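Colleague: From the sequence below, what's the structure:
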Amino acid sequence: RCHRVTGVQTCALPIWSLKVKMDRIKMMVKEDSIDILCLTETWLESDVSNTFIQIEGFNVYRKDRERKGGGTAIYVREEYASSQIMQNDGNEVDDLWVNIQVQKNRSFVVGSLYRPPKASVQSIQYIEERFREAISLRKTLYILGDFNNDQSKLKSNKIKPVLDRLGLHQLIKSATRITPDSQTVLDLLISNNPSSIVSTDVEPNSFSDHQEINCTINIKKEKKLPCKITCRTKRNYSAINFRAQLTANVEMIKPIYLTDNVTKQAQILTDYLLTSLNAVAPMETKTLKGTPVKWMTEKLRREIALKKYLKSKAKRSITWLQLFRIQNRRVKREVKRAKIKQHHEELEQCRNNHKETWNVLKRIVPYKNKITPHTYTNPLATAEKFNNFFAGIGKHVFEEVTQESHRGLHSDSCGDSDQAPNVKWKPK
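Modeller: I've put the predicted structure just below:
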């Protein structure tokens, strides 16, 4: 399997002592061309250094259990930019989270999780909190690990309600632990973007009595298909041409007098009108350059076309420039009103669907990237920064109020009216 062709090859399995099986892991990674390896039940202790468990060409991240057993680790190829995030707070659940970026593609988060078989109910609450924290990163998530909660049993399934509440998807359906007495789905693959996972596979292995989970991740963003619409073209249309076509096809309407069936008469009339209309304004399929917006109306298109026309004339005289400015402000207001109306309609449609309501709100409210805070270690520099901030508050407020007052006086003096400029023009 070549990671440069098929995508990012990811593997997850319980290892039952990484220290003892290190040579076999190195051989498996090399033979299967694995890019990301998630291991649970590593059974590592603090006295085992990263040098001992290092795989050539990989960065290793680990979370050891404070007591015997458990633990998890993630191996990521060195050519991928990676860093550990969301530190574990010592809960009974061992979880490890790594942010990964492959070349110039959008980064994603891989989580490896181990929940002990005898974990308390609080462990499910902790898992939900960690999932919520990961979702807040606004990145594609791939969570793998041993949850020790059988997904094939509906009554005892504690993970599925959590996934349903958070909008996450579990992709492993076949048994991951097979014994002579039972077949259970304990090892999971969870994602908030299941369409990015090209393939999944569950295979037996010699490391433990759990199955090995393999998946191929497509990290490239899918290209949006061009939007096509079918409409009538009016390049050759005119009332005179349409009347001439109706006259030329008048023989088509004569059978309407030979029947008393209303349905047949309506069909004859319809065929007569459509045939004449198709001759002067045929149907045409067009590919739109941009993504169509729902709030755009025919009236708003005319207003925008008038604005463009006035802009082309604005360089000729100050009168045309003033007309353009008035129309430009009018278009901005109309666009804002149209967007607000569309947003109200979308929220009304999903009134009883909380998940869809949040999706609409996330789309409406622009997301601002978090600014990385700068840390000041020098007490003098810290004091100077605070002094400059508080000393400049009055000045900044005065400048903003002054600008707003000038802007209000300017808009009043311009005589901005809701009436469109009285300009003779013909849109193209």
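Colleague: What strands line up against the helix or strand containing residue 76, and which way round?
Modeller: Using DSSP states H and E, the element containing residue 76 is strand 72-77. For strand 72-77, the paired strands and their directions (DSSP bridges) are strand 36-40 (antiparallel), strand 58-63 (antiparallel).
Colleague: Please identify which of the ones you listed is closest to residue 272.
Modeller: Nearest of those to residue 272, taken as C-beta to C-beta: strand 36-40 at 66.2 Å. C-betas here are computed from N, CA, C, even on glycine.
Colleague: Centre of the chain to the closest one, how far?
Modeller: Taking C-alpha atoms, centre = their mean, to the nearest Å, one finds the center of strand 36-40 at 26 Å from the center of the full chain.
Colleague: go on, stretch 137-157?
Modeller: 21 Å.
Colleague: just the CA coordinates of it, formatted as PDB?
Modeller: This file holds the C-alpha atoms of stretch 137-157, laid out as PDB (Å, rounded to 0.1, in the frame of the first residue of the first chain):
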ATOM      1  CA  LEU A 137     -11.200  22.600  17.200                       C
ATOM      2  CA  ARG A 138     -13.300  22.600  14.000                       C
ATOM      3  CA  LYS A 139     -11.200  20.000  12.300                       C
ATOM      4  CA  THR A 140     -11.800  16.600  10.900                       C
ATOM      5  CA  LEU A 141     -11.500  14.000  13.600                       C
ATOM      6  CA  TYR A 142     -10.400  10.300  13.500                       C
ATOM      7  CA  ILE A 143     -10.800   8.600  16.900                       C
ATOM      8  CA  LEU A 144      -9.600   5.000  17.200                       C
ATOM      9  CA  GLY A 145      -9.200   2.700  20.200                       C
ATOM     10  CA  ASP A 146     -10.500   0.100  22.500                       C
ATOM     11  CA  PHE A 147     -13.700   1.400  24.200                       C
ATOM     12  CA  ASN A 148     -14.600  -1.900  25.900                       C
ATOM     13  CA  ASN A 149     -18.300  -1.300  25.200                       C
ATOM     14  CA  ASP A 150     -20.000  -3.700  22.800                       C
ATOM     15  CA  GLN A 151     -21.600  -1.800  20.000                       C
ATOM     16  CA  SER A 152     -23.600  -4.800  18.900                       C
ATOM     17  CA  LYS A 153     -25.800  -4.800  22.000                       C
ATOM     18  CA  LEU A 154     -28.300  -2.000  22.100                       C
ATOM     19  CA  LYS A 155     -29.200  -2.100  25.800                       C
ATOM     20  CA  SER A 156     -25.700  -1.900  27.100                       C
ATOM     21  CA  ASN A 157     -24.400   0.400  24.400                       C
END
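Colleague: buried ones in it?
Modeller: Applying a neighbour-count criterion of 16 or more other C-beta atoms under 10 Å, one finds 139-151 buried in stretch 137-157.
Colleague: of all the residues you listed, which two lie farthest apart?
Modeller: Maximum distance among these (C-beta to C-beta): 29.2 Å, for 139 and 150.
Colleague: Ramachandran coordinates for the residue lying closest to residue 288 once chain neighbours are set aside?
Modeller: Of all residues not flanking residue 288 in the chain, residue 227 sits nearest, at 4.5 Å (C-beta to C-beta, 6 or more residues apart in numbering). Here is the backbone geometry of residue 227 (degrees, to the nearest 10): phi -80, psi 130.
Colleague: Roughly how far does the residue located most distally from the centre of the chain sit from residue 217?
Modeller: Going by C-alpha atoms, centre = their mean, the residue of the chain most distant from its centre is residue 258, 60.7 Å out. Note on residue 258: its distance to residue 217, by C-beta to C-beta, to the nearest Å, is 68 Å.
Colleague: my guess is residue 113 meets residue 124, correct?
Modeller: No - with contacts counted by C-beta atoms under 8 Å, residue 113 stays clear of residue 124, the gap being 11.9 Å.
Colleague: These two: which is more packed in?
Modeller: The neighbour comparison of residue 113 against residue 124 (other C-beta atoms under 10 Å) goes to residue 113, with 25 against 18.
Colleague: Tell me who's in contact with the more buried one.
Modeller: 40, 72, 93-96, 127, 130, 143-147 (C-beta atoms under 8 Å, 6 or more residues apart in numbering).
Colleague: likewise residue 177?
Modeller: Per C-beta under 8 Å, 6+ apart, neighbours of residue 177: 183-184, 186-187, 209-211.
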